[in-house]
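*Asks:* Sequence below, structure please.
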Amino acid sequence: MKRLSKLLWVMWPLGCVPFVVLLWQGLSGALGPDPAKTFVAQLGWWAFIGLLLTLSARPLALWLKQPWLVALRRTFGLLSFAYASLHLIAWAWLLLGWDVRYIGDELSKRPYIIVGVSAWLCLLPLAVTSTRNSRRKLGKKWVRLHKLIFPAVLLVLVHDFWIQKSGYTEQVVFALVLFVLLGWRLMEYYKRRKNAQLAAFSAR
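*Replies:* Alright, predicted model coming up:
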């Protein structure tokens with residue numbers, strides 16, 4: 001248990017490494033001809049990776065027979081939310097200069113931004129209620145609330161496809177990984193439902 005606790009603490013510094021690297025690249029001029037746009041895009045990329053890792057923790061724990069991996073879900077989820085928040089802030093700050101008029105115009109002219117903001121809004125209550133105390137207080141409601149991760153990750157996928165103008169290889173790979181993870185959860189759901197029905201039938 002102590003080792004797991006130490007691992008969870010180590011995950012935070014590790015999770016911050018991509019952000020530090022991006023900052024260094026931005027300050028050193030290594031982000032290409034449009035560093036602000038690349039910086040914003042890379043933050044969004046890491047937010048998506050965090051979501052996929054969050055969804056992967058449980059199936060990997062079962063497939064690899066390493067139950068401790070499930071404990072990483074919360075950390076991956078919070079890191080994903082942190083990168084998504086930085087992505088949103090960097091977009092409004094670096095690309096639009098916090099100008100409310102520009103932000104309003106962007107939201108009205110580019111629906112994919114609304115999709116991205118909607119994904120962030122789905123993640124917000126998950127981050128707020130990520131504590132053990134919240135889980136204890138909410139009970140079954142907590143489980144239902146945290147299913148918002150599914151519409152969130154689908155919205156992120158749509159957002160990612162929409163902003164891409166050419167070369168969809170990466171997006172297709174992400175989509176395949178996501179649908180494998182969602183397909184596995186769907187099969188698990190029907191398996192549990194079938195077992196519950198069989199148990200109820202046997203009890204008669």
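
*Asks:* what about the residue minimising distance to the centre of the chain, helix or strand, and which?
*Replies:* With distances taken as CA atoms, centre = their mean, the chain has residue 51 as the residue nearest its mean C-alpha position (2.5 Å). Counting by DSSP states H and E, the element that carries residue 51 is helix 35-63.

*Asks:* same thing with residue 32?
*Replies:* Secondary structure (DSSP H and E) places residue 32 outside all helices and strands.

*Asks:* In this structure the residue nearest to the centre of the chain contacts residue 149, no?
*Replies:* Yes. The criterion here is CB atoms under 8 Å, and residue 51 meets it with residue 149 at 7.1 Å. Where C-beta positions appear, they are placed from N, C-alpha and C, glycine not excepted.

*Asks:* For this structure, which segments are assigned as helices?
*Replies:* Ranges of helices in the chain, per DSSP state H, are 2-28, 35-63, 73-90, 100-109, 111-128, 132-138, 140-145, 149-163, 169-202.

*Asks:* buried residues in the longest one?
*Replies:* Neighbour-count burial for helix 169-202, counted by 16 or more other CB atoms under 10 Å, picks out 171, 174, 175, 178, 181, 184.

*Asks:* Also the fourth one?
*Replies:* The neighbour-count check on helix 100-109 (16+ other CB under 10 Å) flags 103, 106 as buried.

*Asks:* quick one: low-confidence ranges for this protein?
*Replies:* Low-confidence regions of the chain, defined here as pLDDT under 70, cover residues 1-4, 196-204.

*Asks:* how does it look with 80?
*Replies:* For the chain, applying pLDDT under 80 flags the ranges 1-8, 166, 192-204.

*Asks:* Name all residues that make contact with the residue nearest to the centre of the chain.
*Replies:* With contact set as CB atoms under 8 Å, 6 or more residues apart in numbering, residue 51 has these partners: 76, 77, 80, 149, 152, 153, 156.

*Asks:* ok, now with 10 Å
*Replies:* Residue 51 makes contacts with 76-77, 79-81, 83-84, 119, 123, 149, 152-153, 156-157, 174, 178, as judged by CB atoms under 10 Å, 6 or more residues apart in numbering.

*Asks:* so which of the residues you listed comes closest to residue 189?
*Replies:* Minimum distance to residue 189 across these is 14.7 Å, recorded for residue 149 (CB to CB).

*Asks:* circling back: tell me which of the helices of the chain is the most buried.
*Replies:* helix 73-90 (a mean of 21; mean count of other CB atoms under 10 Å).

*Asks:* For the buried residues of helix 169-202, which two are the farthest from each other?
*Replies:* By the measure CB to CB, those have their two most distant members at 171 and 184, which lie 20.5 Å apart.
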